[in-house]
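Enquirer: generate coordinates for the sequence data below:
(chains A and B)
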Amino acid sequence: MLPSPSPSGRWANSPARFLHVTRPIALPCLSVGLAVLAAGLIWGLCFAPADWQQGETVRIMYLHVPMAWLASAGYVLLAACGLLSLVWRHPLAGVIALEAGPLGATAAALCLITGSLWGKPGWGTWWVWDARLTSMLVLFFLYLGHILTIRAFDDPVRGQRAAALLALAGVVDLPVIKFSVQWWNTLHQPDSITLTGAPTMAMSMFWPLLVCTAGFTLTGTALLLIRCRAALLERRAQALALRDVSP
Amino acid sequence: MTLPAFWPPHWGFVLASYGLVITVLVVTVGSSLLRLHRATRRLALMQRLQQKAASRPAGQERD
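Expert: Predicted coordinates:
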């Protein structure tokens, strides 16, 4: 049985709880994330070995792979928020979806741009309509569609519901991105890291990649918390201002 | 082993990638922190105004 979205229920109190819980977390998480990220980027740029075939351009991997991971994980979050918003009408889901969209779109855009900068010296072209690249471009457009849809309605609840439907429909793109290199003969290389097997890259490249991914994930999470906090505080201030001007 | 001649170092591509990502990161972190700071200040201001209005003697007109 679904919980009722009553105003006095505990679900409706989530924004206040969220503000209370995230207050001591957000800024330390950002500091730790930036420190880990700085360490990973310096490691990848200065100390990790160059690839015997790709040379120095392999260092773009330490940006490109975490961006692809963040873009995909961000969309999973967006879809989860869509489900929470549509089924349970969770008051926080809309706020998180509103703030996660631009962050995910930025990650997807950076993934595409760094991939293009990696592809030019490697493949001799900036872009190719390869299954992996095209499905990633579709993900970027899905993010843009979500950002526009959630803000397109005068009634924010209607915007959230429409954007939630779009987010849920767009989930089908995620397995296409993941398995595109297996399903089709692509120019993009197959996955070097899988959950089930050992990485096919050298460990001297794997560790800085892992540190960069952890750094970007922590920083992205902290940014999402900070932006959600800001959005909730803005709403509170606006509500107080409206109460002040009302007769 | 000799490095293939058609793989020059291409440091320009590497530095362009790092420069772009770090710039976007700085802008995103800076704008998010600024937004949080402004929202916190605005809410504090609104709460002060509310308290002032609540402590006003009954029957006194609002400006």
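Enquirer: chain A contacts on chain B?
Expert: Residues of chain B lying near chain A by Cβ under 8 Å from any Cβ of the partner chain: B:1, B:3-4, B:7-11, B:13-14, B:16-18, B:20-22, B:24-25, B:28-29, B:32-33, B:35-36, B:38-40, B:42-43, B:45-47, B:49-50, B:53. The way it works is simple: take the backbone N, C-alpha and C, and place the C-beta from them, glycine included.
Enquirer: quick one: contacts of stretch A:208-219?
Expert: By Cβ atoms under 8 Å, 6 or more residues apart in numbering or on different chains, the surrounding residues in contact with stretch A:208-219 are A:29-30, A:32-41, A:43-44, A:47-48, A:61-63, A:65-67, A:69-70, A:73, A:193, A:201, B:25, B:29.
Enquirer: near the residue lying closest to residue A:171 once chain neighbours are set aside, how many other residues are there?
Expert: Among residues not flanking residue A:171 along the chain, residue A:79 sits closest, at 4.7 Å (Cβ to Cβ, 6 or more residues apart in numbering or on different chains). Counted with other Cβ atoms under 10 Å in any protein chain shown, residues neighbouring residue A:79 total 20.
Enquirer: and if you look at residue B:37?
Expert: Per other Cβ under 10 Å, the neighbour tally for residue B:37 reads 11.
Enquirer: which secondary structure element is home to it?
Expert: Secondary structure from DSSP states H and E places residue B:37 in helix B:11-54.
Enquirer: do residue A:38 as well
Expert: helix A:26-42.
Enquirer: what sits closest to the residue nearest the centre of chain A if chain neighbours are left out?
Expert: The centroid of chain A falls nearest to residue A:74 when counting by Cα atoms, centre = their mean (2.8 Å). Spatial nearest neighbour of residue A:74, excluding adjacent residues (Cβ to Cβ, 6+ apart): residue A:104 at 3.2 Å.
Enquirer: the one you found against residue A:78, yeah?
Expert: Yes. Look at residue A:104 against residue A:78 with Cβ atoms under 8 Å: they come within range, at 6.4 Å.
Enquirer: name the residues of stretch B:29-43 that are buried.
Expert: For stretch B:29-43, a neighbour-count test (16 or more other Cβ atoms under 10 Å in any protein chain shown) marks B:29, B:32, B:33, B:35, B:36, B:39, B:42, B:43 as buried.
Enquirer: the closest residue to the fourth one other than its chain neighbours: neighbouring residues, count only.
Expert: Which is residue B:35. With sequence-adjacent residues excluded and distances taken as Cβ to Cβ, 6+ apart, residue B:35 is closest to residue A:230, at 4.4 Å. Using other Cβ under 10 Å, residue A:230 is surrounded by 22 other residues.
Enquirer: repeat for the one 10 residues further on
Expert: The number of residues packed around residue A:240, counting by other Cβ under 10 Å, is 16.
Enquirer: between the longest helix seen in chain A and helix A:26-42, how many degrees?
Expert: Determined from DSSP state H, the single longest helix within chain A is helix A:203-245. Calculated by axes from the mean of the first three to the mean of the last three Cα atoms, to 10 degrees, helix A:203-245 forms an angle of 150 degrees with helix A:26-42.
Enquirer: now helix A:203-245 against helix B:11-54, angle please.
Expert: 30 degrees.
Enquirer: chain center to helix A:203-245: distance?
Expert: Here helix A:203-245 is found 11 Å from its chain centre; the criterion is Cα atoms, centre = their mean, to the nearest Å.
Enquirer: I'd guessed residue A:199 sits against residue A:192; true?
Expert: Yes. Judged on Cβ under 8 Å, residue A:199 makes contact with residue A:192 at a distance of 5.8 Å.
Enquirer: near chain B, which residues of chain A show up?
Expert: Contact residues, chain A versus chain B (Cβ under 8 Å from any Cβ): A:30, A:34, A:37, A:41, A:45, A:52-57, A:59-60, A:63-64, A:67, A:103, A:106, A:110, A:113-114, A:117-118, A:120-121, A:219, A:223, A:226-227, A:229-231, A:233-234, A:236-237, A:240-241, A:243-244.
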